[in-house]
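Peer 1: Fold the following for me, if possible:
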Amino acid sequence: MTWAPPELRPENLEALKDFAYVLGWLIKGDGSVFVTSGRKKRFIVKFKCKNRSAVVQANKAFARVLGRTPNRLVRDGHYWVAIYHAKAFVIW
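Peer 2: Sure, this is the predicted structure:
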């Protein structure tokens, strides 16, 4: 169960764009990566924002980076949230 970012090749251009977009969310602060404490650890990547369309776009980009289908969005007060359980990405 290893994960690595897309390689720097011309054929990976779209995957690299998605990866850069996701990193931007994480660096900017609208995304977070964390491990829960307790007996059963969970490795979570979360995108949270008031703008639903922005979260939809981040959700789709991260799904393409992981090679999965996009997760369902949930409401958290006034925010839209997309949550992924992605141990390999969190450890990376």
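Peer 1: any idea which element the closest residue in space to residue 74 that isn't next to it in sequence lies in?
Peer 2: Nearest in space to residue 74, with sequence neighbours left out and distances taken as Cβ to Cβ, 6 or more residues apart in numbering, is residue 81 at 5.2 Å. All C-beta spots, glycine's among them, are computed from the backbone N, C-alpha and C. Using DSSP states H and E, residue 81 maps to strand 79-85.
Peer 1: What separation do you get for the residue sitting furthest away from the middle of the chain and residue 80?
Peer 2: No residue in the chain sits farther from the centre than residue 39, which is 24.2 Å out by Cα atoms, centre = their mean. The spacing between residue 39 and residue 80, counted by Cβ to Cβ, to the nearest Å, is 30 Å.
Peer 1: Neighbours of residue 65, how many?
Peer 2: Other residues near residue 65 number 24, with proximity taken as other Cβ atoms under 10 Å.
Peer 1: Number of residues surrounding residue 21?
Peer 2: Other residues near residue 21 come to 16 when the count uses other Cβ under 10 Å.
Peer 1: my guess is it contacts residue 58, does it?
Peer 2: Yes - at 7.1 Å, residue 21 and residue 58 qualify as touching, with contact defined as Cβ atoms under 8 Å.
Peer 1: ok, now which ones touch the most centrally placed residue in the chain?
Peer 2: In the chain, the C-alpha closest to the average C-alpha coordinate belongs to residue 62, at a distance of 4.4 Å (Cα atoms, centre = their mean). Residues near residue 62 by Cβ atoms under 8 Å, 6 or more residues apart in numbering: 18, 22, 45, 47, 70, 82, 84.
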